[in-house]
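Asks: Pasting a predicted model and its sequence here:
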Amino acid sequence: MAISWYPGHMHKANKEMAALIKDIDVVIEVLDARMPQASSNPMLKAMRIGKPCLHVLNKADLANPHITREWLDYYNAQPLAYAATSSKEKRLETSDVLFLCQKLMRKVNAAKPVVEETVPTNPDAAALRAWKKQNHKNQVLIVGIPNVGKSSIMNTLLGKKIARTGNEPAITKGQQRVRLNDHWFLVDTPGVLWPKLEDQTAAYRLALSGAIRATAMESTEVAVFAAQMLIDQFPERLKERYKVEELPADSEAFLRDLAVSRGCVRKNKDIDWNRVAELIINDYRAGRFGAMSLERPPRPAQSEAPQ
């Protein structure tokens, strides 16, 4: 089953974001540190061309710290971009965000061509320009996919609970604009996906992370995907979590054995596939397999060897 979830409120939110972004000074994109590429909205990338972007790798406590460092280096090497991490243990502070936003603004100004200013002959025009400069309010747009932790970060930045949070995706339904300080405003947007999830491996990762509403996916298929990924990439973590010595090569066989050992069996002895699926999905989301990253940053293209 192909995974896809793009309800009407997401279509509306993407249209509103496209109209709003021209007035935005800095974009903050909140990403899942375990899967930064899968959790990055390609529509946003097209919208924000020329806009500085702060990539926040959230849930960094659930990701491999060495691979997270690779992602930080990857984003920091891009023009008009910086990256930072946030986790339960170490939330991103307002002062950190404003410092990085100011650095990004300086990057933008440094990239602009130098234009020699003409001295206005009208003193009123000069006064008006000075007043506008002094009273300019920078706007920061904070965006992210559903359930990536964007609202929790926003609440931390503001020092109060203004955005609803929860384990269900699509908690935030509309835009809201709030003041960070005298010079910076923060614009929050709903968590949005994009119309077609063409990379289905990435789509299953998103479903596993909780970015896809449960009614829009088959939990058993997501569990099969998760079990196979763990068997192939993190077999020792799987053995340790469920106290097994050997793993079958087939994910369905593993889930069947897990269901029997954990009592996910109906009275007629049939496997309760929904219960065992919920078990392994919830264990992943809670980080019970330990810190793990599912993606590495793209490697630069290798130049051809000289002939």
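Replies: Okay, I see it.

Asks: check which helix or strand covers Val178.
Replies: For Val178, the host element (DSSP states H and E) is strand 176-179.

Asks: from the chain's centre, how far out does that strand sit?
Replies: Its chain's C-alpha centre and that of strand 176-179 lie 21 Å apart, by C-alpha atoms, centre = their mean, to the nearest Å.

Asks: Which neighbours in the sheet does that strand have, and how are they oriented?
Replies: The pairing partners recorded for strand 176-179 under DSSP bridges are strand 184-188 (antiparallel).

Asks: neighbouring contacts of the strand it pairs with?
Replies: With contact meaning C-beta atoms under 8 Å, 6 or more residues apart in numbering, strand 184-188 is reached by 20, 24, 98, 101, 137-142, 150-151, 154, 157-158, 163, 172, 175-180. Heads up, the C-betas are built off the backbone N, CA and C, glycines and all.

Asks: May I ask you to confirm that Pro297 belongs to a strand?
Replies: No. Membership of Pro297 in a strand is not supported by DSSP: H, G, I helix; E, B strand; the rest coil, which gives coil.

Asks: what's the closest non-adjacent residue to it?
Replies: Nearest residue to Pro297 in three dimensions, chain neighbours excluded: Tyr74, at 3.7 Å (C-beta to C-beta, 6 or more residues apart in numbering).

Asks: Can you mark which positions in the host helix or strand of the one you found are buried?
Replies: Using DSSP H and E, Tyr74 maps to helix 65-76. Judged by neighbour count using 16 or more other C-beta atoms under 10 Å, the buried positions of helix 65-76 are Ile67, Thr68, Glu70, Trp71, Leu72, Tyr74, Tyr75.

Asks: ok, so of these, who is nearest Leu247?
Replies: Ile67 (23.2 Å; C-beta to C-beta).

Asks: okay but the closest one is in contact with Arg296, surely?
Replies: Yes. Using C-beta atoms under 8 Å, Ile67 is in contact with Arg296, at 5.9 Å.

Asks: coming back round to it: which secondary structure elements does whatever helix or strand comes next after the helix holding Tyr74 contact?
Replies: With elements assigned by DSSP H and E, the helix or strand that comes after helix 65-76 is strand 81-85. On a contact count with 3 or more C-beta pairs under 8 Å, 6 or more residues apart in numbering; DSSP states H and E, strand 81-85 meets strand 53-58, helix 65-76, helix 94-111.

Asks: will you turn the ones you listed into a markdown table that also has mean pLDDT and distance to Met229?
Replies: Shown next, in a markdown table, are those (pLDDT from 0 to 100; distance: least, C-beta to C-beta, whole Å):
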| stretch | mean pLDDT | distance to Met229 |
| --- | --- | --- |
| strand 53-58 | 97 | 20 |
| helix 65-76 | 97 | 15 |
| helix 94-111 | 87 | 33 |
